[in-house]
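Quick one, structure for this:
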Amino acid sequence: MTNPPDSSHSIRSVRTSTARIRIRPVLAAVLLAALLTACGSSPDEAGSPGGHAVPTGPVGSGAVDGAAPSPPDRTVSGLRDDTRHVTRKTTTGTRPRMVKRCTTRVRRVKHTSTSGTGRRKRTRTWYTDDSYKDCKKVQQGTTSYTRVVRRARWCVELDNVGGNSTADDVWYEVESDVYRKAAELKEGAKLSFTPLRRGC
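The predicted model follows:
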């Protein structure tokens with residue numbers, strides 16, 4: 001049976017349309033892959049080169065995966081508990097008293113003098129005695145001095161340090177002006193300062 005003249009043309013049109021429908025998804029997938037490659041990485045590859053590091057530390061800590069958190073500030077805060085002033089303690093000691101003692105000594109010095117030339121050349125030699133001082137330190141009795149046994153310290157004790165209810169009775173050594181400020185406050189008052197060191 002012979003197909004009508006325009007039936008073969010219709011069949012070719014249907015085949016072409018079907019091929020175009022099959023090509024479109026493939027072309028879309030290729031374009032999507034090209035866009036992801038240009039961006040550097042896919043959305044779920046944030047930790048790979050070309051992506052962005054995602055912070056994994058606690059919220060507000062500033063920590064990023066693989067990086068150490070920044071050191072805390074030296075300032076401490078809490079509730080004023082007690083103050084303490086440790087006075088300076090000294091004692092008297094003795095040590096040898098050294099003085100400079102000099103002795104006059106004499107040494108013999110050789111001198112030479114040459115005159116003339118050739119066979120008439122003469123060399124004259126003579127000696128003189130030169131005096132000098134030979135000095136050294138020697139002990140002459142003892143002398144007393146003041147030795148520091150304990151230095152002065154000013155300390156403040158805090159409770160609830162940093163808002164932690166279990167961080168109580170913590171001593172800090174402070175400057176004298178910080179100590180005076182804390183001494184004027186009542187126990188339990190809020191207080192912040194920069195300590196010299198922990199302990200007292």
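
Now do the same for the longest strand along the chain: mean pLDDT, whole number.
Criterion DSSP state E: the longest strand present in the chain is strand 122-150. Throughout strand 122-150, pLDDT has a mean value of 93.

what are the pairing partners of that strand, and which direction each?
Here strand 122-150 is paired, per DSSP bridges, with strand 89-115 (antiparallel).

Skipping its backbone neighbours, what lies nearest Glu173 in space?
Distance criterion CB to CB, 6 or more residues apart in numbering; nearest residue to Glu173, sequence neighbours excluded, is Leu196 at 4.7 Å. From N, CA and C alone the C-beta is placed, and that goes for glycine too.

Next, give phi and psi for that neighbour.
phi -80, psi -40 (degrees, to the nearest 10).

Near it, how many other residues are there?
Neighbourhood size, Leu196 [other CB atoms under 10 Å]: 15.

How much space separates it from Thr117?
Distance of Leu196 to Thr117, computed by CB to CB, to the nearest Å: 82 Å.

about what we covered before: any idea how far the residue nearest to Glu173 lies from Gly141?
According to CB to CB, Leu196 stands 41 Å off from Gly141.

Show me the strands in the protein, by range?
Counting by DSSP E, the strands of the chain are 76-86, 89-115, 122-150, 153-159, 170-174, 190-193, 197-198.

The closest residue to Met98 other than its chain neighbours: neighbouring residues, count only.
Counting by CB to CB, 6+ apart, Met98 lies nearest to Lys137, which is 4.6 Å off, once chain neighbours are set aside. Each residue near Lys137 was counted by other CB under 10 Å, and the total is 10.

residues touching Lys137, list them.
Under the criterion of CB atoms under 8 Å, 6 or more residues apart in numbering, the neighbours of Lys137 are Met98, Val99, Lys100, Arg101.
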